[in-house]
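In: Provided below for reference: sequence and predicted model.
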Amino acid sequence: DYAVRHQVIFADGVDRCRFRIWPADQAEPEAWLCQESDAALAPDRIRHRAASFGLFQHSGGAIEWSDIRLSPLTFP
């Protein structure tokens with residue numbers, strides 16, 4: 001079993017997306033496994049102002065999701 005934290009942050013005109021995943025029986029790590037942003041995108045390009053969370057299987061064996069909790073977080 002694993003735990004996952006996924007964040008999408010809309011702040012200061014920059015969209016950020018990041019996630020981390022770790023074994024469920026261990027403490028949540030401080031470091032993010034992956035971080036992306038559109039900070040380098042030209043100012044005249046369209047940026048997102050909202051998002052929705054979804055889980056899907058891309059390929060491979062079956063995946064079972066359970067005990068999913070979604071909660072809004074604030075970004076300092």
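Out: Looks like it arrived, so ask away. Fair warning: this is a prediction, and the values are worked out from it, not measured in the lab. Residues are numbered from 1 along each chain as shown.
In: quick one: the helices in the chain?
Out: Ranges of helices within the chain: none, based on DSSP state H.
In: how about the protein, which residue sits the furthest from its center?
Out: When distances are taken from the C-alpha mean of the chain, D44 lies farthest, 25.0 Å away, according to Cα atoms, centre = their mean.
In: residues in contact with it?
Out: The neighbourhood of D44, defined by Cβ atoms under 8 Å, 6 or more residues apart in numbering, contains no residues. C-beta coordinates here come from the backbone N, C-alpha and C atoms, glycine included.
In: any idea how far it is from D12?
Out: When distance is defined by Cβ to Cβ, to the nearest Å, D44 is 17 Å away from D12.
In: cool, and W65?
Out: Distance of W65 to D12, computed by Cβ to Cβ: 32 Å.
In: what do you get for A62?
Out: 40 Å.
In: compare neighbour counts for the two and give me the winner.
Out: Of the pair A62 and D12, D12 is the one with more neighbours under other Cβ atoms under 10 Å, namely 8 against 5.
In: what residues are up against the more buried one?
Out: With contacts defined as Cβ under 8 Å, 6+ apart, D12 is in contact with no residue.
In: point out where this protein drops to low pLDDT.
Out: Under the criterion pLDDT under 70, the flagged ranges of the chain are 53-58, 71-76.
In: could you pull out the strands for it?
Out: Along the chain, the stretches classed as strands by DSSP state E are 2-11, 14-23, 34-37.
In: export the second one to PDB, keeping only CA atoms.
Out: This means strand 14-23. Extracted in PDB, the C-alpha atoms of strand 14-23 (Å, rounded to 0.1, in the frame of the first residue of the first chain):
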ATOM      1  CA  VAL A  14       1.800  30.700 -12.100                       C
ATOM      2  CA  ASP A  15       0.200  27.300 -12.200                       C
ATOM      3  CA  ARG A  16       2.100  24.600 -10.200                       C
ATOM      4  CA  CYS A  17       1.600  20.900 -10.000                       C
ATOM      5  CA  ARG A  18       3.500  18.500  -7.700                       C
ATOM      6  CA  PHE A  19       3.200  15.100  -6.200                       C
ATOM      7  CA  ARG A  20       4.900  12.600  -3.900                       C
ATOM      8  CA  ILE A  21       4.300   8.900  -3.200                       C
ATOM      9  CA  TRP A  22       5.600   6.800  -0.300                       C
ATOM     10  CA  PRO A  23       4.900   3.400   1.400                       C
END
